[in-house]
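*Asks:* Could you work out the structure for the sequence below:
(2 chains)
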Amino acid sequence: MSSVLRKQLTADASHTIHLILPPEMGDEVEIIVFTRSSAEGAAQQESLIMAQLMDESGFAKNILNSAEEDCWNDL
Amino acid sequence: MTFEITPGTVYSAHFPFSDLSNKKKRPVLALSGKDENDDVRIAFITKTTINEAQGFALEPADFADEMLKHQSHIRVDKTFNLHISRIEKPVARLSDRGYERVLRKLVTLDIPTLAALKYCDKPFQSGTSVIPPSGKVIGAPELKNMVEASLDGWLTTGRFNESFEKRFAEFVGVPYALTTTSGSSANLLAFTALTSHKLGARALKPGDEVITVAAGFPTTVNPILQNGMVPVFVDVDIPTYNIDPRKIEAAVTGRTRAIMVAHTLGNPFDLDAVMALAEKHNLWVIEDCCDALGSRYKGQHVGTFGHIATCSFYPAHHITMGEGGIIFTKDRDLRSIIESFRDWGRDCYCGPGCDNTCGKRFGQQLGSLPFGYDHKYTYSHLGYNLKITDMQAACALAQMDRLPEFIEARKRNFAFLKGRLKSCEEFLILPEATPSSDPSWFGFPITIKADADVNRVDLLQYLDQNKIGTRLLFAGNLTRQPYFEGRTYRISGELRNTDNIMNNTLWIGVYPGLSEEMLSYVVEKIEAFFGVNF
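*Replies:* Reported below is the predicted structural model:
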């Protein structure tokens, strides 16, 4: 069963979007909405998401975020 | 940002990566420029100590200029794509050496995972899994070494070959060892070296006789014929499958100049008897140890008794480099001659990439060449080019680490088969180690007894149908091989046991890749064939 659906949508005059789910996604989904004002904005948004994901990695949490690595803060 | 991202440069990056307002920084090494999405492939540098699988500590020589001010460990196992907006500024630059170290480590990083997948032991399934008589056992260390040698780009004999020759020589206990393209090439070079004019009156000449056996591999004997000499065949002993020491002296004539025999399937021949005869009659002795690496006689490695010895590194052998072999000796002059024959016959002994090692490159007059003729292009022998590549040597060098365990496994497997197959002694002659020897067995030879009323072909086919690999004792009786027709040779006495081997002997595997479960299956099938314990 597909767990991710990515769509680029344009809101109508009442700022409403219409999303049709494929049947295999079931009846309950979680929605996260990102702005898509321009291509550059979208890329920056993606890079922020990537950076957030990297922050969530065990390596970032356990090693890069450790006090021992703070010696690099004045680089 | 006013700078370009340059691979090999260390940058400060904002941390956490999603929080540009934070004051924290972390060093990252750029492994690429920015891509079409403005992402840069980076590896982290940490102060935290790491293990060898994760990366390595950067040394002063790894930096082009100033080092980072804290102990720096490059984490090649932690590479990410980082958007350039997270990168603040360049803070250091790696030297070419340092950057190459990083890239090499990256290239080899996943080799253990691949090796574990490709070379892991597969579950044995009776009757379905093939039990080969021999095979290679390689893994991550061999693959890593071969990749490293490839990355060197040196290709011909280089640093890995130098290390391997030294390591091999130390293992067997001789000062000199020279790699070559195969065990057969090693035999050719070992024997041909004895024809060198540099040996004076002791040099072998066409028509000279060389004592050997016909129950063995052809390229133990072929160099004798290829050099215009006469092989004299002596019968072998069963169940050692080696030259019968009681019959050698009868083969000696006024033309006999050398003995060249193999330690059959790893079982040392009677070195006391052979060396005593050689000394008595002033004969050269070449020990073919192609199947006997690690075998000992009176505690001493085979190959260290005679004048020259050879070994094979074909995948079936004790260690492998794919195709390859080695010649080893205690004699410095013989070493120089062997090297010359191996390397085009040249008089010069410079290593690859070296010039003027002797310091007289343009200062000699040899043959009828003019004075000062370049020593690199002066040839003192009718030579070959039988050198190996460094990738081959790299593989064998890694195998040396495992050789002791390989030898133990071969001995263990042999002992298992010997113990279990006693149940079939009514039908089979089981092998025996030569007295005073400790063989590193290549295979487990068995001979069907004359009164067993069993056809060998039937047994071979039966074992083949049950996925059990077998081999004959190579050529059986060489003198009966098609290529021997019309050759000049002599048989001393009769080759009765040799013919028996040709007709009734086979061998099964003991190589380290075989498990006790596999060997048990082999025994059960042989017992079933003979109706024992069935």
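*Asks:* Does stretch B:44-56 reach chain A?
*Replies:* Yes: using C-beta under 8 Å from any C-beta of the partner chain, stretch B:44-56 reaches chain A at B:F44, B:T46, B:K47, B:T48. For every residue, glycine as well, the C-beta is placed using N, CA and C.
*Asks:* Filter these down to the buried ones.
*Replies:* Among the residues of stretch B:44-56 next to chain A, those classed as buried by 16 or more other C-beta atoms under 10 Å in any protein chain shown are B:F44, B:T46, B:K47.
*Asks:* show me the contacts for B:L366.
*Replies:* Shown in contact with B:L366 (C-beta atoms under 8 Å, 6 or more residues apart in numbering or on different chains): B:D347, B:Y373, B:H375, B:T378, B:S380.
*Asks:* Is it correct that the first one is in contact with B:S340?
*Replies:* Yes: in terms of C-beta atoms under 8 Å, B:D347 counts as a neighbour of B:S340; the distance is 6.8 Å.
*Asks:* got a pLDDT number for whichever residue of the stretch 51-200 of chain B sits closest to chain A?
*Replies:* Using C-beta to the nearest C-beta, the single residue of the stretch 51-200 of chain B nearest to chain A is B:H83, 3.5 Å away. Per-residue confidence for B:H83 comes out at a pLDDT of 89.
*Asks:* export the buried ones among the residues of stretch B:44-56 next to chain A to a markdown table and tack on secondary structure and pLDDT?
*Replies:* Putting these into a markdown table (DSSP: H, G, I helix; E, B strand; the rest coil; pLDDT from 0 to 100) gives the following:
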| residue | secondary structure | pLDDT |
| --- | --- | --- |
| B:F44 | strand | 96 |
| B:T46 | strand | 97 |
| B:K47 | coil | 96 |
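*Asks:* List of residues touching the helix or strand in which B:V10 is found?
*Replies:* Using DSSP states H and E, the element containing B:V10 is strand B:9-14. If you take C-beta under 8 Å, 6+ apart as the criterion, strand B:9-14 is touched by A:72, A:75, B:5, B:20, B:22, B:24-30, B:42, B:45, B:68, B:82, B:86-94.
*Asks:* again, only this time at 7 Å
*Replies:* Residues from elsewhere that reach strand B:9-14, judged by C-beta atoms under 7 Å, 6 or more residues apart in numbering or on different chains: A:75, B:20, B:22, B:25-30, B:45, B:68, B:82, B:86-94.
*Asks:* any idea how far B:G367 is from chain A?
*Replies:* From B:G367 across to chain A, the span is 67 Å (C-beta to the nearest C-beta, to the nearest Å).
*Asks:* A helix includes that residue, no?
*Replies:* No: using DSSP: H, G, I helix; E, B strand; the rest coil, the secondary structure at B:G367 is coil, not a helix.
*Asks:* what sits against the closest residue to it other than its chain neighbours?
*Replies:* In this structure, B:G367 finds its nearest non-sequential neighbour in B:T378, 7.3 Å apart by C-beta to C-beta, 6 or more residues apart in numbering or on different chains. For B:T378, the contact set (C-beta under 7 Å, 6+ apart) comprises B:R346, B:D347, B:C348, B:L366, B:L369.
*Asks:* ok, now B:C350?
*Replies:* B:T357, B:K376.
*Asks:* now it: how far from B:G359?
*Replies:* Look at B:C350 and B:G359: by C-beta to C-beta, to the nearest Å, they are 11 Å apart.
*Asks:* can you check B:N145 too?
*Replies:* Remark: distance between B:N145 and B:G359 (C-beta to C-beta) = 34 Å.
*Asks:* Next: B:P482.
*Replies:* Applying C-beta to C-beta to B:P482 and B:G359 gives a distance of 52 Å.
*Asks:* Compare B:N145 and B:G359 (neighbour count), which wins?
*Replies:* Neighbour comparison, B:N145 and B:G359: the larger count goes to B:N145, with 24 against 7 (by other C-beta atoms under 10 Å in any protein chain shown).
*Asks:* now the more buried one: how far from B:P239?
*Replies:* As defined by C-beta to C-beta, B:N145 lies at a distance of 39 Å from B:P239.
*Asks:* One more: B:L189?
*Replies:* According to C-beta to C-beta, B:L189 stands 32 Å off from B:P239.
*Asks:* In terms of neighbours, single out the busier of these two.
*Replies:* B:L189 (27 against 17).
*Asks:* Kindly reformat the residues of stretch B:44-56 next to chain A as JSON lines containing distance to B:K387.
*Replies:* JSON lines is the format used below for the residues of stretch B:44-56 next to chain A (distance: C-beta to C-beta, whole Å):
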{"residue": "B:F44", "distance to B:K387": "43"}
{"residue": "B:T46", "distance to B:K387": "44"}
{"residue": "B:K47", "distance to B:K387": "46"}
{"residue": "B:T48", "distance to B:K387": "46"}
